[in-house]
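K.L.:
Generate coordinates for the sequence data below:
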Amino acid sequence: MKSAYELAMERLAKSEPKEKPLSPAQKARLAEIDLVYKGKWAERQVFLKEQMEKALVRGEADEAEQVRVQLAREKARLDDECEEEKERVRREKR
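P.N.:
Down below sits the predicted model:
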């Protein structure tokens, strides 16, 4: 006997159109997007970690904490941007 969850998932799968396979060009573009955003993240990470270390050396724990929070926000922002761009590529005509 199937659970209500399993039945709901089956209905959802039937109601949603199947995703078409990605073309080789789309796959290449997705890989390129990943590389670009990994580079952007590495650049921001180096810069912000340097700022955090400077704040810690100066004994400014509050400033270091603000930079740590900014680091987390930057990671989330870049991840979101990356996923949005990849989703646009996935929706393109094949």
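K.L.:
make it CA atoms for all contacts and neighbour counts henceforth
P.N.:
Fine.
K.L.:
what residues are up against Glu63?
P.N.:
52, 55 (CA atoms under 8 Å, 6 or more residues apart in numbering).
K.L.:
run the last query once more with 7 Å
P.N.:
With contact set as CA atoms under 7 Å, 6 or more residues apart in numbering, Glu63 has these partners: Ala55.
K.L.:
Now name the helix or strand holding it.
P.N.:
helix 61-91 (DSSP states H and E).
K.L.:
show me where pLDDT drops low in the protein?
P.N.:
Low-confidence segments of the chain, defined by pLDDT under 70, span residues 16-19, 94.
K.L.:
relative to helix 61-91, how tilted is the helix or strand where Glu32 lies?
P.N.:
For Glu32, the element it lies in under DSSP H and E is helix 24-57. Relative orientation of helix 24-57 with respect to helix 61-91: 180 degrees, computed using axes from the mean of the first three to the mean of the last three CA atoms, to 10 degrees.
K.L.:
quick one: buried residues of helix 24-57?
P.N.:
Within helix 24-57, the residues that count as buried by 16 or more other CA atoms under 10 Å are 26, 29-30, 33-34, 37, 41, 45, 48, 51-52, 55.
K.L.:
Lys49 and Glu65, how far apart?
P.N.:
As judged by CA to CA, to the nearest Å, Lys49 and Glu65 stand 11 Å apart.
K.L.:
what's the answer for Lys54, then?
P.N.:
Lys54 sits 12 Å away from Glu65, going by CA to CA.
K.L.:
Repeat that for Glu84.
P.N.:
For Glu84, the distance to Glu65 equals 29 Å [CA to CA].
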